[in-house]
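Participant: Model the structure of this input:
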Amino acid sequence: MPALSGFDDQYYQNGNQNMNKITPFLWFNDNAEDAAEFYLSVFPQAKKLAELRSNGVGPWPAGKIATITIELMGQQMTFLNGGPAQALTPAFSYSIACKDQAEIDSYWDKLLEGGKPMACGWLTDKFGLCWQIVPEKIGEILKHPKAMAAMMNMVKFDVATLEAAAKE
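Facilitator: You can find the predicted model right below:
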């Protein structure tokens, strides 16, 4: 690809054996780099794996990120600055299984910044990507019909409320 340059490391060039075979490839209008930097700040041990910058040939201005690959909690993902032709939708979301209410609150608050809540632990962040912030044991809790009913009235998960409903 002569139109692109700027691998920031030898990640792909060396045939990294740890690279996932199947990874999400997400289309952003023109803010893929901003989105990547935001997610890298939200998740512990997150890292940038590679980037591809334009040298001025093709649809991107010189120096603009074409793609950027990051890893969040072991999940690799690539972001593309693809232009306005496609948009992220709630049909695709990431789910974060949280060990306790403090972890739910932390991810919820950070990812909701500039975004909007949906329902049942879902939110759309400021870049349009949807997230589900859920307790690790959500499947076990929701086996109880009263817990399921309680969940339907929640925006952000409240573990204590769900567990209390499951005991009724």
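Participant: Could you tell me which ranges of the chain sit under the pLDDT cut-off?
Facilitator: Scanning the chain for pLDDT under 70 picks out the ranges 1-19.
Participant: just the strands in the chain please.
Facilitator: Ranges of strands within the chain are 4-5, 25-28, 47-54, 65-72, 75-81, 93-98, 116-117, 122-124, 130-135, based on DSSP state E.
Participant: Reformat those strands as TSV; add mean neighbour count and distance to residue 110.
Facilitator: In this view, the C-beta of every residue, glycine as well, is placed from N, C-alpha and C. Below are the strands of the chain laid out as TSV (neighbours: other C-beta atoms under 10 Å; distance: least, C-beta to C-beta, whole Å):
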stretch	mean neighbour count	distance to residue 110
strand 4-5	16	31
strand 25-28	18	18
strand 47-54	18	17
strand 65-72	21	12
strand 75-81	19	17
strand 93-98	17	11
strand 116-117	11	13
strand 122-124	19	10
strand 130-135	21	10
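Participant: Can you say which of these is nearest to residue 144?
Facilitator: strand 130-135 (13.5 Å; C-beta to C-beta).
Participant: Quick check: neighbours of the closest one in the sheet, parallel or antiparallel?
Facilitator: strand 93-98 (parallel), strand 122-124 (antiparallel) (DSSP bridges).
Participant: got CSV for these, with distance to residue 30 too?
Facilitator: Below are the strands paired with strand 130-135 laid out as CSV (distance: least, C-beta to C-beta, whole Å):
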stretch, distance to residue 30
strand 93-98, 21
strand 122-124, 18
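Participant: Residue 166 is nearest to which of those?
Facilitator: strand 93-98 (17.0 Å).
Participant: right, and residue 166 touches residue 146 too?
Facilitator: Yes - using C-beta atoms under 8 Å, residue 166 is in contact with residue 146, at 6.7 Å.
Participant: which one of these two has more residues nearby?
Facilitator: residue 166 (18 against 13; other C-beta atoms under 10 Å).
Participant: mind checking how far that one is from residue 148?
Facilitator: Distance, residue 166 to residue 148, using C-beta to C-beta, to the nearest Å: 9 Å.
Participant: separation between the residue nearest the centre of the chain and residue 138?
Facilitator: Taking C-alpha atoms, centre = their mean, the centroid of the chain lies closest to residue 94, which sits 5.4 Å from it. According to C-beta to C-beta, residue 94 and residue 138 sit 15 Å apart.
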